[in-house]
Every structure is written in structure tokens, then in C-alpha cells.
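Participant: just coords:
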């Protein structure tokens, strides 16, 4: 009997190699090649050109951009405001959404709530579950208080049967929970393998584009937090959403990292309750600690998440260290923290060489923009000197290696959000100072770090 031919496939990019290598020749990732049986030639796969999608392969005429009719895509609200915000306004006809997150963080719960809201709004929906039985999903809906739901449920993992059901029922929105459990009988590899995930996602995407049915795929994540499966999976879909937050915490963040129909890096904030996930209308309250009196080492900043300004408290703790002082940051870039400490020493005369420095962004939010620099430096200085910043104080601005304070984008919106929430004093870059005064907010515009320190010392 002839030995089956095997190839080695990269779990990151889907590239193949005839033999095992420590480093993938396609994407350069280490220890990602896994052995699997070589698949049949594409011509033997009857799904490679299904009759229902044959028209998609026809050549399209070449037209100049000016001659192509373009209009905004129609959106259907999901019934959950925070989810609509992340999606860019609602579900798009024929759009494909991939949503990932840790086990038990609330992916299935949120989608079940959204499907029920769409069904009650008059749109036919289909929920395909491959990880749970129909009885388990029904039991979850009872726990969530979804009584008398008319969402169509299909417990199936075979791709061909799912496509046949979709064609027979013609829903407006389909949820596949999850793409890693779905398999095609035309491939011999196991469900969850690179080939199966890529092939099933490709056919579901083709079905969505050919029929106008919106498809939502649930994806597993690796222990590093990235979506499992080949990286090409994220390129196939229109929108990629990530669930963030600790399963032990009440709050969840849904972040869009790719969206062909809306703003990227938009976030939605949810609270996990007994009745499922509820949108949080004022998320700044989550990221601000409630101190009865101002405490040293605390400074509030305004960060931008997509189109939404959020007030976040930055906390710093400076303590006597040993011969090798530690620099630890949670929610902020560790390398940037080391750079800010050097700038603080060189241009403001604040030395922390022999001190342990710990910095934390309250509420589990991750801040990637450099506008947090000034708030971090002021929080560190406040903790080092044991002097609290005044009540209602906030600061934002990027700090350069020469000690200059650079402007942050959309500074006016940040200041207006702070004034709306009752803040009274702000230290901001000079370029972000508003031309017209903002009622109730005293603004100190600075150009350099030492100027900001002098302003704080005089308060």
C-alpha cells in the first residue's frame, strides 16, 4: 500500500513545506509547522466551483472609478447599541464578521442576544452551533430571560449541510459558532486544522457575498490571545472583533481591529449581568477610581478609542528598589515607560534610578496612543513626592525625547468630554489649547515637561 503523502502547514499563515522546518519559510514564525495529509487536487473538489456561485467567477468589465456607482452601505441595527458602535452602525448585508475572545468571556451570549433582537425586529436569523447541543443553547436563552425566542437553531458542524440549510431557510443573518468546529467532507483533515478553517471560511464568505446574507463567525483564540488558525482568516472577512477583559471582572470590551465598513479600533463596553451582556452608556466611570480624597500617584487622562473619548485614570507607585529597580506597566507600553523615566530625569530633574516604578491603567483598558505620556509622568512625580494632584485634574500630551510636549489628535473633543464629566483643571500641549474658553475648565497650555512640572508645583 502506498504511503500517504504528507505536507507541513504553518498554523499562522497557512504556507506549506514538503518537510518540517523550525521556521516557516513564508512568514518567518517559529515552531508553527504541523504535519498533515496532503489534500486532493483542487479540480477534484466539487466545492471549488459550486453551481450557485458560478456567476461570481465571470470576468467583470474594466471601468474607471468615476464611472462606478458608489453609495453608502445599508446597515441594520442589531438592537444592542454598543455592538452597533463597534460594527460601525449595524450589520451590513453580505458582510462577514469574525469575533474572537477567551473561552467563557461572552461571545455566544452576546450573539444570542443580538440574534433574538434581530428576530424580534422582523429579520429571519439562523444560529448554527457546533460546540453545544440545541438543548444547551435553549437553556442559556432561558437564563438570559429570552422567552419565546423564534431564532432558528441548527446543531451541525458539516459545511455542506449548513450551506444547504441556509439555502432552504434564507435567513438574513447567520451565526457560525464556531468556525474551528466546522468541517467539509471534501477534505480529509480534522476540524480545526488550517486547511479546514481556511476552506470553510472561504465558502461561507463566498456564500455571503453571493446571496447578501450577513455571516458572523466565532473564532477561538490562542493562549497568546490571537485568533487561532491561519492569518489569512482575518484577511478573508470584512470585520474582526476581539473580546477583551478578564473573565473574573464584570466588564467586557469589544474592540474592532479591522472594519471595511466603519472605523477601526472602535470599542464597545459591556457589563456582564445575570441577564447577559448590557451596554455601558458612560464607560468613563469604569476607568476612574472613586477616591473620597485625592491620593498621590493618580492622574486622569483622556484617551481616544475610535471615535469615543474616554477618561482613564493612570496610577503610579514609586517605591524604594534594590540594586536592579523594576519597571512594570499594566495597560501601557513597558519600553515607553523606561523612555519617559529617562526624559523625566534629564529634562525635569526628577530622578528614579534607584526606585521601583509601577504604572497601571485602571479598569483593564489598554492604552496604545502616546497621548498618555504626560499623565504618566505627572502620576510618577506625584507618587515620588507623596503629593496628590488636585481634585478634578487631568492631563494629556505626547512627550518627546527632547522634553517637548507634542499635541494629541482631536484635543478639543477630549477637553469637552472632560468638562462634561466635571473636571476643572487641565494641563495640555500648547497646540491643543482651545481658542475659545471651555466653561468650567481651567486650561494650562505647556510646551515642555519642566513647564508642566512647574504648573503642578504651583497648585
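Facilitator: Received the coordinates, thanks. Just so we're clear, the structure is a prediction, and the values are computed from it rather than from any experiment.

Participant: any idea which helix is longest in the chain?
Facilitator: In terms of residue count, the longest helix belonging to the chain (DSSP state H) is helix 194-211.

Participant: ranges for the helices of the stretch 251-400 of the chain?
Facilitator: With DSSP state H, counting those that start in this stretch applied, the stretch 251-400 of the chain shows helices at 334-348, 373-385, listed in chain order.

Participant: quick check: residue 74 touching residue 93?
Facilitator: Yes. The pair residue 74 and residue 93 qualifies as a contact (Cβ atoms under 8 Å) at a distance of 6.2 Å. All C-beta spots, glycine's among them, are computed from the backbone N, C-alpha and C.

Participant: which of those two has more residues huddled nearby?
Facilitator: Taking neighbours as other Cβ atoms under 10 Å, residue 74 and residue 93 compare with residue 93 leading, 15 against 10.

Participant: quick check: beta-bridge partners of the closest residue to residue 369 other than its chain neighbours?
Facilitator: Setting aside the residues directly before and after it, residue 369 is nearest to residue 303 in space (Cβ to Cβ, 6 or more residues apart in numbering), at 6.2 Å. Legend: beta-bridge partners of residue 303 under DSSP bridges are residue 310.

Participant: so residue 138 versus residue 132, what's the distance?
Facilitator: The spacing between residue 138 and residue 132, counted by Cβ to Cβ, to the nearest Å, is 10 Å.

Participant: how far does stretch 83-102 sit from the chain's center?
Facilitator: In terms of Cα atoms, centre = their mean, to the nearest Å, the centre of stretch 83-102 is found 11 Å from the chain centre.

Participant: count of neighbours near residue 170?
Facilitator: With neighbours defined by other Cβ under 10 Å, the count for residue 170 comes to 10.

Participant: buried ones in the longest helix of the chain, by neighbour count?
Facilitator: Residues 194-209, 211 are the ones in helix 194-211 that count as buried (16 or more other Cβ atoms under 10 Å).

Participant: packing partners for it?
Facilitator: Based on contacts counted as 3 or more Cβ pairs under 8 Å, 6 or more residues apart in numbering; DSSP states H and E, the elements that helix 194-211 packs against are strand 6-10, strand 33-37, strand 96-100, helix 159-169, strand 214-219, helix 232-236.

Participant: wait, which of these is closest to residue 393?
Facilitator: Nearest to residue 393 among the helices and strands packed on helix 194-211 is strand 96-100; the distance by Cβ to Cβ comes to 37.9 Å.

Participant: what's in contact with that closest one?
Facilitator: By Cβ atoms under 8 Å, 6 or more residues apart in numbering, the surrounding residues in contact with strand 96-100 are 87, 91, 107, 111, 179, 204-205, 208, 214-221, 227-228, 233-234, 236-243, 254.

Participant: same check on stretch 372-379?
Facilitator: Applying Cβ under 8 Å, 6+ apart, the set of residues contacting stretch 372-379 from outside is 297-301, 303, 314-316, 332, 336-337, 340, 343-344, 348, 359, 361, 389, 394-399, 405, 427, 429, 449, 452-453, 456.

Participant: 6 Å instead?
Facilitator: Residues outside stretch 372-379 that contact it (Cβ atoms under 6 Å, 6 or more residues apart in numbering) are 297, 299, 301, 314, 316, 340, 344, 359, 395, 397-399.

Participant: how far away from the center of its chain is that stretch?
Facilitator: Using Cα atoms, centre = their mean, the offset of stretch 372-379 from its chain centre is 24 Å.

Participant: buried stuff in stretch 25-34?
Facilitator: Counting neighbours by 16+ other Cβ under 10 Å, the buried set in stretch 25-34 is 26, 32-33.

Participant: over to stretch 307-314?
Facilitator: For stretch 307-314, the buried set under the neighbour-count rule, 16+ other Cβ under 10 Å, comprises 308-314.

Participant: then stretch 172-188?
Facilitator: Of the residues in stretch 172-188, those buried by neighbour count under the rule 16+ other Cβ under 10 Å are 172-184, 186-188.

Participant: min pLDDT across those, which one?
Facilitator: Within the set of these, pLDDT is lowest for residue 188 (82).

Participant: quick one: contacts for that one?
Facilitator: Contacts were defined as Cβ under 6 Å, 6+ apart; by that measure residue 188 touches residue 37.

Participant: check which helix or strand it maps to.
Facilitator: Element membership of residue 188 [criterion: DSSP states H and E] is none; it lies in no helix or strand.

Participant: where's it relative to residue 335, distance?
Facilitator: Taking Cβ to Cβ as the measure, residue 188 falls 46 Å from residue 335.
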